[in-house]
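Student: Sequence and predicted structure below; questions after.
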Amino acid sequence: MALIRGRDRKGGAQIFTASMADIVFLLIVFFVLTYKVEVDRTKMDLPDTWIRIKVPEKAAVISISPPDANPPLTIRVSTGEEMSLPVSTDEEIVTFASTEVAQNPNKEFIVKADESVPYERVDAVLDALKQSKVKYIFLLSEQKTVQ
Amino acid sequence: MRIKKKEIQSEIFTGSMADISFLLIIYFMITSAFSATRGLDFALPEDTQTPEIKQEDSIDVHVLRGGVIQVDGQGIALEGLLPYVADKLKQNPEKPVILRTDPDATYGDMILVFDELRQAPDKIDMEIKTISIPTRREIENLWSMLGIQ
């Protein structure tokens, strides 16, 4: 009778991959559900606040880049459905906001600015929005946490 | 003679499924962004209902460079802001708060004070009915109307 000795036994060093497909599909489902196109990808440190209201989807976005960005303090605008574009003057912001308000008088606007931006620039943006008869403004922020 | 029946293979080829799945995951990971979707809101008054707020009838909060806060012309710490506002609101609950910010101050300084004022219902159990954030142009227009240079 031939006995199979340890050294003769073929060692199968396999990795169990049957559940990989499940994990991968779970990840895909997660990404599909949470997927949201960010219309403005300007990297910045938003100010921290305790009060945080959910901003409406499809709201127009006006972003102000940080002073140390390249180029600094660039203002970009987006309708909320298309990628943001830079504007060079405050009049262009007024024109952009007025056009949006003409199409939808209750259009919401999100101001996304770095916390180190001089208030002068934010003031100019708020003034342009007020001139354009914008009704609702959201100042984007991060959640403040206990130190 | 028996004719052998040909067995038709009815399997779906799934060999490339893993590749496609991983490709999709990589695509979603690169293009999706966990963006901030919350912030402080404020509604602007419509032209027809714009109230005329006089400075002496309101609580004037002025944010200066470096985050220094002045309330009605007096320096105050952030922690002392809401107790001061509470005293004023006890006399007149309708009293509006005007939040002015120096052009040299940062946006973060202004948001810090605005966030503090918005926490009034939680911290002092009182609601500030109107928080006005006038722009520099509006303040200058008001001053020129009042004849102040």
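Tutor: Received the coordinates, thanks. Numbers count the residues shown, from 1 in each chain, chains lettered A, B, ... in the order given.
Student: CA atoms for contacts and neighbours, from now on please.
Tutor: OK.
Student: got a list of what residue 21 touches?
Tutor: Just going to use chain A. Contact partners of A:A21, counting by C-alpha atoms under 8 Å, 6 or more residues apart in numbering or on different chains, are B:A18.
Student: wrong one, chain B
Tutor: Going by C-alpha under 8 Å, 6+ apart, the list of residues near B:S21 reads A:V24, A:F25, A:I28.
Student: Am I right that A:I51 is in contact with A:T145?
Tutor: No - taking contacts as C-alpha atoms under 8 Å, A:I51 lies outside contact range of A:T145: 11.4 Å.
Student: which of those two has more neighbours?
Tutor: Neighbours per residue, other C-alpha atoms under 10 Å in any protein chain shown: of A:I51 and A:T145, the larger number sits with A:I51, 18 against 8.
Student: mind listing the strands in chain A by residue range?
Tutor: A:48-49, A:53-54, A:60-64, A:75-78, A:85-87, A:108-113, A:136-140, A:142-143 (DSSP state E).
Student: nearest residue to residue 77 other than its sequence neighbours?
Tutor: Just going to use chain A. Leaving out its chain neighbours, the residue that sits closest to A:V77 by C-alpha to C-alpha, 6 or more residues apart in numbering or on different chains is A:I62, at 4.6 Å.
Student: my bad, chain B
Tutor: Leaving aside its sequence neighbours, B:A77 is closest to B:I69 (6.6 Å, by C-alpha to C-alpha, 6+ apart).
Student: pretty sure the one you found contacts B:V63?
Tutor: Yes - using C-alpha under 8 Å, B:I69 is in contact with B:V63, at 4.8 Å.
Student: the more surrounded of the two?
Tutor: More neighbours surround B:V63 than the other of B:I69 and B:V63, with 26 against 22 (other C-alpha under 10 Å).
Student: And the more buried one, what's its pLDDT?
Tutor: With respect to pLDDT, B:V63 scores 95.
Student: Ramachandran coordinates for it?
Tutor: Note on B:V63: its backbone torsions stand at phi -100, psi 120 [degrees, to the nearest 10].
Student: what does the one 10 residues further on give?
Tutor: The phi and psi torsions at B:G73 (degrees, to the nearest 10) take the values phi 80, psi 0.
Student: Give the next helix or strand downstream of the helix or strand where B:K88 lies.
Tutor: In this structure, B:K88 is located in helix B:78-91 according to DSSP states H and E. As assigned by DSSP H and E, the chain's next helix or strand after helix B:78-91 is strand B:97-101.
Student: How about that following strand and chain A, touching?
Tutor: Yes - against chain A, strand B:97-101 shows contacts by C-alpha under 8 Å from any C-alpha of the partner chain at B:T101.
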